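# predicted model follows, preceded by the sequence.
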Amino acid sequence: MAIQALHELHRRRRSRNIGVGLVLVVFIAIVFGLTVVKVRQLGAVQGFDHVVRPELLPGESISQ
């Protein structure tokens, strides 16, 4: 039995799948971009406690 040509339903389903795939790629790109921006802005944060480390602040020195 020969393989039949694609039905119109298959073409519509493929275009819908491509659209969903593009939406997912755009969403992932937005989340990745926001993550990169946030990491760059919070460069002077130490570990998980989110406290600014004084030794990383420009122009200030710790007097002992």
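On my side now, so go ahead.

# where do the helices sit along the chain?
8-41 (DSSP state H).

# point out where it drops to low pLDDT.
1-3, 42-50, 60-64 (pLDDT under 70).

# now stretch 9-20, how far from the chain's geometric center?
Its chain's C-alpha centre and that of stretch 9-20 lie 25 Å apart, by CA atoms, centre = their mean, to the nearest Å.

# in that stretch, what's buried?
Within stretch 9-20, no residue counts as buried by 16 or more other CB atoms under 10 Å. In this view, the C-beta of every residue, glycine as well, is placed from N, C-alpha and C.

# okay, that stretch in PDB with CA atoms only?
Output in PDB follows, covering the C-alpha atoms of stretch 9-20 (Å, rounded to 0.1, in the frame of the first residue of the first chain):
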ATOM      1  CA  LEU A   9      -5.500  18.600   8.400                       C
ATOM      2  CA  HIS A  10      -1.800  17.700   8.700                       C
ATOM      3  CA  ARG A  11      -0.700  21.000   7.100                       C
ATOM      4  CA  ARG A  12      -2.900  23.000   9.600                       C
ATOM      5  CA  ARG A  13      -1.500  20.900  12.500                       C
ATOM      6  CA  ARG A  14       2.100  21.500  11.400                       C
ATOM      7  CA  SER A  15       1.600  25.200  11.100                       C
ATOM      8  CA  ARG A  16       0.000  25.300  14.600                       C
ATOM      9  CA  ASN A  17       2.900  23.300  16.000                       C
ATOM     10  CA  ILE A  18       5.400  25.700  14.400                       C
ATOM     11  CA  GLY A  19       3.500  28.700  16.000                       C
ATOM     12  CA  VAL A  20       3.600  27.100  19.400                       C
END
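
# relative to A5, how far out is R12?
15 Å (CB to CB, to the nearest Å).
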